[in-house]
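>>> Here you go, sequence then predicted model.
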Amino acid sequence: MTSTPTFAHAPREFLRALYDAAVRRALPAATLAPHLPSPPTGRTLVIGAGKAGGAMAAALDAAWPADAPIGGLVITRYHHVPPAYAARPGRIEVIEAAHPVPDAAGLAATRRIIDLARGLTADDLVICLISGGGSALLCQPAEGISLAEKQAVNKALLKCGANIGEMNTVRKHLSAVKGGRLGAMCAPARVLTLTISDVPGDDPAVIASGPTVPDETSCAEALAIIDRYHITLPPAARAGLESGTFESPKPGDARFAGHHLAMIATPQQSLEAAAALAHEQGLAAYILSDELEGESAEVGKVHAALARAVARHGQPFARPCVILSGGETTVTVRAEPGVQLGRGGRAGEFLLGCAGALQGQAGVWALAADTDGIDGVEDNAGAVVTPDTLARAAALGHSLTDHLSRHDAYGYFEALGDLVVTGPTFTNVNDFRALLVL
């Protein structure tokens, strides 16, 4: 007997239960231990970065033999250390820093990680804990680039509409630790990278900009992305890219011999967990994809068109059903001069596009939320759309078109009481979207 709210009588609660199931599947405490090796004859050093870093460190500390020495340093986002581990820190130190724009705390912690990676031997084992958000948290700019300059480039990348692969190609080549450089520093020690994927396609070279993984992208590609999106670079950064001085380690580099990587949680696995919960209630569940990309509002409109077709015509799926998807959409920030931008993230922007295109369609509910519990930089994970969303907003004097033009999803859904607030979840497998069609 399941305690999950029934989809027909409590659609909001049911969608939240699907989200919770997706998050649970990706928690390090449930997925990390089976991938651990036996303790080495030498040292065991733990390093890493990401929004799930604190939870991954706690899970590793709990699973590692009590009589086997282990220690190190992992960087996570502010307020993303699990409360139990924060109250009683274990053998692995966890430092908090800023995301999505790096800060001085991340810079200082990264320098400490670099120091820890020096002087290792072939008898030593390095366990690197990597999850989404590591690109900002693990921060050591390439030579000649200041933290302020790196922050400015990062802000421009976040606003320009570049996808995660493009952003991380640039980040790799303006970094002294990303794009495989951290892994190369650890030679000749064995390196095991444990990764939680938050990127479309689960490419480990893209997750957190692949600090321990050889990089197939080039300085020329990074420069082309910079120019495509008209991003201003400091002179030292442009010079390093144009000359190839900032080139990253490539596949075949001997320093990566004996390295291993395990993917301990992925977006697809979380979508399958949500689908399994729906099936337990006798509800058909369809996973569109775990790697959808594109402008958030436009992707929302496409999902709405599909849900309307199901609701009105029973095509391509029969109702009742739930439609699931994941991936990482983008928000290109555009505003007219003098227009005050609002608040919001990818999930909220998706839902604005979705609500507008649904046109108040009867029998359709939608939830979109980031699995890390934070939509962009706000305090909500996402929000919910109901058949009467547009009507309730209009009654309050809120125009969806106005909120969308100002990228103010937070203000729109906050006024309706429809924000989904979870707090940090201590994992991160990217966007989660569910549309329930009754």
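Structure received.

>>> the strands in the stretch 251-400 of the chain, which residues?
Assigned by DSSP state E, counting those that start in this stretch, the stretch 251-400 of the chain shows strands spanning 260-265, 284-287, 321-327, 364-370, 382-385.

>>> mind listing what the last one pairs with, with the direction of each?
Right, the one you point to is strand 382-385. Counting by DSSP bridges, the strands paired with strand 382-385 are strand 364-370 (antiparallel), strand 419-420 (antiparallel).

>>> quick revisit: okay if I get the strands of the stretch 251-400 of the chain as JSON lines plus mean neighbour count and mean pLDDT?
Yep, even glycine has a C-beta here, placed from its N, CA and C like the rest. Output for the strands of the stretch 251-400 of the chain, formatted as JSON lines (neighbours: other Cβ atoms under 10 Å; pLDDT from 0 to 100):
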{"stretch": "strand 260-265", "mean neighbour count": "18", "mean pLDDT": "98"}
{"stretch": "strand 284-287", "mean neighbour count": "17", "mean pLDDT": "98"}
{"stretch": "strand 321-327", "mean neighbour count": "24", "mean pLDDT": "97"}
{"stretch": "strand 364-370", "mean neighbour count": "28", "mean pLDDT": "98"}
{"stretch": "strand 382-385", "mean neighbour count": "28", "mean pLDDT": "98"}
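
>>> Turn the ones you listed into JSON lines, including distance to residue 303.
JSON lines is the format used below for these (distance: least, Cβ to Cβ, whole Å):
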{"stretch": "strand 260-265", "distance to residue 303": "24"}
{"stretch": "strand 284-287", "distance to residue 303": "12"}
{"stretch": "strand 321-327", "distance to residue 303": "7"}
{"stretch": "strand 364-370", "distance to residue 303": "7"}
{"stretch": "strand 382-385", "distance to residue 303": "10"}
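
>>> what's the domain layout of this protein?
As recorded under automatic domain parsing, the domains making up the chain are 11-24+267-437, 28-140+175-214+249-265.

>>> and residue 230, which of those domains is closest to it?
Closest approach to residue 230 among those (Cβ to Cβ): domain 11-24+267-437, 12.2 Å.

>>> Identify the single longest helix in the chain, thanks.
Secondary structure of the chain per DSSP state H: the longest helix is helix 296-313.

>>> and it, how far from the chain's centre?
24 Å (Cα atoms, centre = their mean, to the nearest Å).

>>> C-alpha coordinates for that helix, PDB please?
This file holds the C-alpha atoms of helix 296-313, laid out as PDB (Å, rounded to 0.1, in the frame of the first residue of the first chain):
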ATOM      1  CA  SER A 296      13.200  27.500 -21.200                       C
ATOM      2  CA  ALA A 297      10.000  29.300 -22.200                       C
ATOM      3  CA  GLU A 298      10.100  27.800 -25.600                       C
ATOM      4  CA  VAL A 299      10.600  24.300 -24.200                       C
ATOM      5  CA  GLY A 300       7.700  25.000 -21.900                       C
ATOM      6  CA  LYS A 301       5.500  25.800 -24.900                       C
ATOM      7  CA  VAL A 302       6.400  22.600 -26.600                       C
ATOM      8  CA  HIS A 303       5.500  20.600 -23.500                       C
ATOM      9  CA  ALA A 304       2.200  22.500 -23.300                       C
ATOM     10  CA  ALA A 305       1.300  21.700 -26.900                       C
ATOM     11  CA  LEU A 306       2.000  18.000 -26.200                       C
ATOM     12  CA  ALA A 307      -0.200  18.000 -23.100                       C
ATOM     13  CA  ARG A 308      -3.000  19.800 -24.900                       C
ATOM     14  CA  ALA A 309      -2.900  17.200 -27.600                       C
ATOM     15  CA  VAL A 310      -3.200  14.400 -25.000                       C
ATOM     16  CA  ALA A 311      -6.000  16.200 -23.200                       C
ATOM     17  CA  ARG A 312      -8.000  17.100 -26.300                       C
ATOM     18  CA  HIS A 313      -7.300  14.300 -28.700                       C
END
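
>>> can you start the count at 42 instead of 1 from here on
Got it, the first residue is 42 from now on, which makes the last one we talked about helix 337-354.

>>> Just the angle for it relative to strand 405-411, thanks.
Helix 337-354 runs at 150 degrees relative to strand 405-411, counting by axes from the mean of the first three to the mean of the last three Cα atoms, to 10 degrees.
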